[in-house]
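K.L.:
what follows is a predicted protein model with its sequence.
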Amino acid sequence: MRLYDTRSNDTVAFEIVIDRPLTLYVCGVTPYDTTHIGHARTFLIFDTLLRYLRYRGAEVQYCQNVTDVDDPLFERAARDNIAWDVLAERELEQFVADCRAMNMVPPLYFPRASETIPQMIQTIERLIELGHGYVRNGNVYFRVSTDPDYGAMARMGYDELLTTANQNGNNPDDPDKDDPLDFVLWHTGNPGEPMWPSPWGPGRPGWHIECTAMATKYLGEQIDIHGGGRDLIFPHHPSEIAQTEAITGKHPFVHVWMHCGLVWLDGEKMSKSLGNMVFARDVVRDHGADPLRWYLLSAPYREDFYYEHAGLLASKEKVERVKTALQAQSPTNAHEILDPTVFQTAILAALDDDLQIHQALTQVAELATAVLVGVAEQRDVRKAQQVLCDMTSMLGFWLAEGA
Ligand SMILES: [Zn+2]
């Protein structure tokens, strides 16, 4: 298999080994306003990858974290006058139900940041010991100058790195920092927000240290594939790299970094902060999970996706056509057998080539057409239907289950 790796900016060979488990870490949700279809698309892409690796015989240890210690969650809880943990619990329940409705394989590990605080504190202590972290007034910062490659994955100059960091919660004017780009490992927090005891006083972890602690705790010091949305290319993932490689001394922390394009709606990026969201549960209720899966996966995963209702309806028609092909009665007096090998080969080749799920779906649609034409031409289509069933099931569609 070949996969595009953001860090090396290259498509690299990825061997699907079966003599040891493969490890996959995907940055998960902050549990409020879940599950909009921007989330849904990212998790469907990694669900398809996971399913494909399993289809090829690999055992995959999949870890998806829950960022339940995070400013936006606390701000929402304060706005709605609800306890942060009650809000997180409620939203998490909804997220899990949405993922189940979309036929996603549940992660093997689903850790919450709030339950991994001791590991985060240990990791921060180690970073301070090694000279990568410094303490000021109850806050701890990562000194980015200790990592000459910091932010390299983003391929930006210092000024652009700083601007992007500032757009993602960095405070460049914090007088306690030696460099405006130094990021928070631990902070004292604001009054009224949840706090945990630490060697530096009560407070809470920074966002990036959460993922380093959870990834290394559950999957080890080096992992095979780490993924998330394109908006994590900076500062989140390079900060994770800097922290993790600093404490483990092992390079690279991650073999393949995969980033999915973002979802846009009406000319704007779909986001919780803008509030322009389409929720997965509404689409699933009105149109079913399979049309949503087909639609969100019908374009290259690395590219941004522009959501349009007409596109969803077109995908719904394609799913219906596949269903019709699966349920078609093979002619009893058929003389010729429809050979599906070429379609199956093309589907697997598309997935092997940097997970081109959209190409695989095109082949699925063509196989469905071939089945329907085959029936009309009095050919035996049962073998082709079996392949169609196997491929749609491997790709995570419910429709094969009813066929
Ligand atoms: Zn993360």
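P.N.:
Thanks, I have it.

K.L.:
so who does Cys63 touch?
P.N.:
Going by CB atoms under 8 Å, 6 or more residues apart in numbering, Cys63 touches 23-26, 107-111, 214-215, 218-219. All C-beta atoms are positioned from the backbone trio N, CA, C, and that covers glycine.

K.L.:
tell me the helix or strand right after the strand or helix carrying Val364.
P.N.:
Assigned by DSSP states H and E, Val364 falls within helix 357-376. Next helix or strand after helix 357-376 toward the C-terminus (DSSP H and E): strand 379-380.

K.L.:
can you list the strands that that next one pairs with?
P.N.:
The sheet places strand 379-380 alongside strand 336-337 (parallel), with pairing taken from DSSP bridges.

K.L.:
helices and strands around the very next helix or strand once past the strand it pairs with, which ones?
P.N.:
As assigned by DSSP H and E, the chain's next helix or strand after strand 336-337 is helix 341-352. The contact analysis (3 or more CB pairs under 8 Å, 6 or more residues apart in numbering; DSSP states H and E) places helix 341-352 against helix 357-376, helix 382-394.

K.L.:
save the ones you listed as CSV, and put in mean neighbour count and distance to Leu292 too.
P.N.:
Output for the helices and strands packed on helix 341-352, formatted as CSV (neighbours: other CB atoms under 10 Å; distance: least, CB to CB, whole Å):
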stretch, mean neighbour count, distance to Leu292
helix 357-376, 20, 13
helix 382-394, 20, 15
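
K.L.:
want to throw those into CSV with distance to Ala152?
P.N.:
Converted to CSV, those look like this (distance: least, CB to CB, whole Å):
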stretch, distance to Ala152
helix 357-376, 28
helix 382-394, 36
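
K.L.:
out of the contacts of Cys63, which are inside strands?
P.N.:
Among these, the members falling in strands (DSSP state E) are Thr23, Leu24, Tyr25, Val26.

K.L.:
so the first one bridges to which residues?
P.N.:
Listed beta-bridge partners, Thr23: Gln61 (assigned using DSSP bridges).

K.L.:
quick one: pLDDT of it?
P.N.:
pLDDT, Thr23: 98.

K.L.:
one more: the one 3 residues further on?
P.N.:
In the prediction, the pLDDT value recorded for Val26 is 98.

K.L.:
so what's it up against?
P.N.:
Thr42, Phe43, Phe46, Tyr62, Cys63, Gln64, Pro107, His226, Gly227, Gly228.

K.L.:
let's see that with 7 Å instead.
P.N.:
For Val26, the contact set (CB atoms under 7 Å, 6 or more residues apart in numbering) comprises Phe46, Gln64, Gly227, Gly228.

K.L.:
looking at the residues you listed, spot the one nearest the ion.
P.N.:
Among the contacts of Val26, Gly228 lies closest to the ion (CB to the ion), at 6.2 Å.

K.L.:
secondary structure and distance to the ion added to the contacts of Val26, as TSV?
P.N.:
Formatted as TSV, the contacts of Val26 follow (DSSP: H, G, I helix; E, B strand; the rest coil; distance: CB to the ion, whole Å):
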residue	secondary structure	distance to the ion
Phe46	helix	13
Gln64	strand	10
Gly227	strand	10
Gly228	strand	6
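
K.L.:
so how far is the helix or strand containing Tyr52 off the chain centroid?
P.N.:
Here Tyr52 sits within helix 37-55, counting by DSSP H and E. Averaging C-alpha positions (CA atoms, centre = their mean, to the nearest Å) puts helix 37-55 7 Å from its chain's average.

K.L.:
which strands and helices sit next to the helix holding Val364?
P.N.:
With contacts taken as 3 or more CB pairs under 7 Å, 6 or more residues apart in numbering; DSSP states H and E, helix 357-376 sits against helix 309-327, helix 341-352, helix 382-394.

K.L.:
quick one, which of these is nearest to Val254?
P.N.:
The closest of the helices and strands packed on helix 357-376 to Val254 is helix 341-352. By CB to CB, the value is 20.3 Å.

K.L.:
and the angle from the closest one to helix 37-55?
P.N.:
On the basis of axes from the mean of the first three to the mean of the last three CA atoms, to 10 degrees, helix 341-352 is oriented at 120 degrees to helix 37-55.

K.L.:
residues in contact with helix 341-352?
P.N.:
1-2, 52, 356-357, 359-360, 363-364, 366-367, 387, 391.

K.L.:
if you set the cut-off to 10 Å instead, what comes out?
P.N.:
With CB atoms under 10 Å, 6 or more residues apart in numbering as the contact definition, helix 341-352 has outside contacts at 1-3, 14, 16, 48-49, 51-53, 55-56, 340, 356-368, 370-371, 383-384, 387-388, 390-392, 394-395.

K.L.:
from the chain's centroid, how far away is it?
P.N.:
24 Å.

K.L.:
next, the angle helix 357-376 makes with it.
P.N.:
170 degrees.

K.L.:
buried set for helix 341-352?
P.N.:
Going by neighbour count (16 or more other CB atoms under 10 Å), the buried part of helix 341-352 is Phe343, Gln344, Ala346, Ile347, Leu348, Ala350, Leu351, Asp352.

K.L.:
give me the residue from the stretch 51-200 of the chain nearest the ion.
P.N.:
For the stretch 51-200 of the chain, CB to the ion, closest residue to the ion: Asn65, 6.3 Å.

K.L.:
gap between the two ends of stretch 15-35?
P.N.:
One end of stretch 15-35 sits 32 Å from the other (CA to CA, to the nearest Å).

K.L.:
thanks a lot, see you next time.
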